[in-house]
Each structure stands twice: as structure tokens, then as C-alpha cells.
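Participant: Need coordinates for the below:
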Amino acid sequence: MRRFEDLSINTEKIRSIAAIAGAAGMLTFMSITAGATENATAGVAASVSLGSQIAGNVSAATGVSENSENSDEAKENQADSISSGESQNATASETQQTHKKVAFEYQQNSTVKGSGRVVETTLEGHYYASGVGGIAMTDQEWSLQKDAGMAMVEYFFVTTWDITQDTAPLAVNTFRIVAESEQADLGPVVQINIHKTLNGVMSSLNGNTAKFTTVIGIPEDFQEADARYAVVSVKAGGAFDILPDLDEDDLTVTFKANAGNGAYAIIRY
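Facilitator: Below you'll find the model as predicted:
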């Protein structure tokens with residue numbers, strides 16, 4: 001584990017950075033659910049020192065409130081209701097077209113196509129990150145339940161979305177600082193929240209030590225022959241990890257994601 005204060009970063013590049021999940025989660029879900037509200041909280045902050053001087057503060061949010069996770073199903077129902085009942089005078093063809101539009105907005109991206117293989121996720125969830133070639137969790141749920149100290153009647157629920165320069169520019173700049181310190185190119189940034197459910201009630205796994213084998217498809221515009229890839233994970237307190245690629249597939253990157261809320265970025269060497 002490394003911290004930002006271990007980096008030799010040009011002080012002009014350091015800003016007060018906030019809301020990886022706050023801004024990204026808010027804007028993403030608002031665009032999907034047509035008026036649904038999203039409560040988000042910032043959860044990561046770090047003080048960056050260069051030598052004996054404090055150069056600035058780097059903050060990054062990697063958490064969303066439990067209320068936002070719990071309302072996913074309600075928001076889907078709301079979107080379906082809006083799409084199917086815009087007007088009592090709507091024709092059957094208009095209603096059908098509206099349903100098709102909602103189906104497209106909610107299309108899951110939980111299958112990853114690699115070199116000669118197709119990986120499908122093993123965990124339920126809302127896989128909304130579309131800026132990558134899919135995100136899939138590959139461990140068996142019963143094994144993960146044991147690792148996480150959960151009962152067999154408790155299940156996992158995964159939510160993913162894109163973190164972009166448009167939705168959270170300061171957050172993306174945080175990852176860019178780390179990529180530059182590694183002399184690497186910054187690729188797509190995603191939020192991956194892994195929570196547990198019991199009788200339909202969602203609860204946090206933040207702080208749980210369980211690890212989740214995760215495969216992300218590298219988008220075509222970030223693929224490069226003979227390149228090496230890794231994943232940057234920003235964690236609470238401003239610490240970050242460089243997670244090595246665990247597979248030999250040129251089209252995917254495999255790593256161990258943390259339980260709870262986390263922001264991850266693909267970097268290319």
C-alpha cells in the first residue's frame with residue numbers, strides 16, 4: 001500500500017479533489033432514472049506532503065450512501081412507470097418504443113469477452129459501467145460468503161457505473177496524478193460497490209477484508225499491442241494500491257476488488 005505523500009508530484013498538479021462517487025453517482029443515476037434522487041457522501045481524504053512541506057490536499061470520494069443503494073429497485077420501477085404511462089392517449093406503438101428506450105438505458109454490462117473466452121458475472125447487481133468492455137465477478141458466491149463471514153441467507157449485490165471527466169473531473173484528475181507517478185497512461189475509471197443483502201435490505205461491506213476476483217474488458221480505444229495493464233484502487237485515507245493484472249489475456253484485466261465501495265482505474269504501461 002502506498003500513499004500520496006510518498007509520491008514526488010509537481011505541486012502545481014495538486015488540487016482539492018472531491019466526489020468520485022458523489023458526483024459520478026449523482027449524475028449517472030439521474031440520467032438513467034429520469035428525476036430519481038441520489039444521496040452520495042464523500043469518503044476518502046488525504047493530506048499530501050512533499051518533503052517537510054504540505055503541498056495540498058487530495059480528496060476523493062469512493063462511497064455512496066446506503067439510501068442510494070437501497071433505492072435502486074424503486075428507481076427502476078419509477079423509470080418503468082414513467083416510460084409506460086406517459087399519457088393515457090399514447091398509442092400502443094409509442095408505448096412499445098418507450099419501453100425499448102428504457103430497456104436500452106438499463107442494459108447490463110456484466111459479460112466480458114476476452115481472447116477466445118467469455119466471462120459472465122456470478123453476482124447479482126446493476127452493472128451500469130458502459131465505458132469498459134464489461135465487468136464480471138468470477139468467484140462462486142458461496143465461497144465469497146465464507147470469506148466475508150456472511151450467512152448463507154445473505155447475498156451480494158454489485159453496482160457499477162462510469163466515472164468520467166464530464167461527471168467528476170476532479171476525481172479523474174486524482175487517478176491521473178497516480179498514473180503519471182507510475183509513468184503510465186490513464187484509462188477508464190469505474191465505481192464498483194459490493195454490498196450485501198438480507199431479506200431485501202442492503203447493508204455496507206466497507207471494512208470487510210473479503211476480496212473479489214474481478215475481470216474488466218479493456219475498451220478497444222485503450223488496447224495497445226505489447227502493452228501491460230494494471231488497476232489503481234483509491235481507498236479511504238488517501239491510500240492507493242496498484243493492483244497487477246492477474247491474467248494473460250490482452251483484452252482483459254483481472255484483479256482483486258475490495259468489499260464495499262471502491263473506485264478503480266485501468267492504467268497502461
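
Participant: what are the ranges of the helices in the stretch 101-250 of the chain?
Facilitator: Ranges of helices in the stretch 101-250 of the chain, per DSSP state H, counting those that start in this stretch, are 141-147, 169-181.

Participant: separation between residue 121 and residue 206?
Facilitator: Remark: distance between residue 121 and residue 206 (CB to CB, to the nearest Å) = 21 Å. The C-beta positions use only the backbone N, C-alpha and C, and glycine is treated the same way.

Participant: more neighbours, those two?
Facilitator: Between residue 121 and residue 206, residue 121 has the larger neighbour count (other CB atoms under 10 Å), namely 21 against 17.

Participant: Could I get the pLDDT score of that one?
Facilitator: pLDDT, residue 121: 98.

Participant: could you measure it against residue 113, distance?
Facilitator: 13 Å.

Participant: Same question for residue 249.
Facilitator: Taking CB to CB, one finds residue 249 at 10 Å from residue 113.

Participant: Neighbour count for those two, which is higher?
Facilitator: Taking other CB under 10 Å, residue 249 and residue 113 do not tie; residue 249 has more neighbours (19 against 13).

Participant: That one: what's it in contact with?
Facilitator: 114-115, 117 (CB atoms under 8 Å, 6 or more residues apart in numbering).

Participant: and which of the residues you listed is nearest to residue 224?
Facilitator: Closest to residue 224 out of these is residue 115 (14.6 Å), distances taken as CB to CB.

Participant: The closest one and residue 250 touch, don't they?
Facilitator: Yes - taking CB atoms under 8 Å as the definition, residue 115 is a contact partner of residue 250 at 6.1 Å.

Participant: Look through the chain and tell me its longest strand.
Facilitator: Across the chain, the longest stretch assigned as strand under DSSP state E is strand 185-198.

Participant: would you turn the contacts of residue 249 into JSON lines with neighbour count and pLDDT?
Facilitator: Shown next, in JSON lines, are the contacts of residue 249 (neighbours: other CB atoms under 10 Å; pLDDT from 0 to 100):
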{"residue": "114", "neighbour count": "19", "pLDDT": "97"}
{"residue": "115", "neighbour count": "10", "pLDDT": "95"}
{"residue": "117", "neighbour count": "12", "pLDDT": "96"}
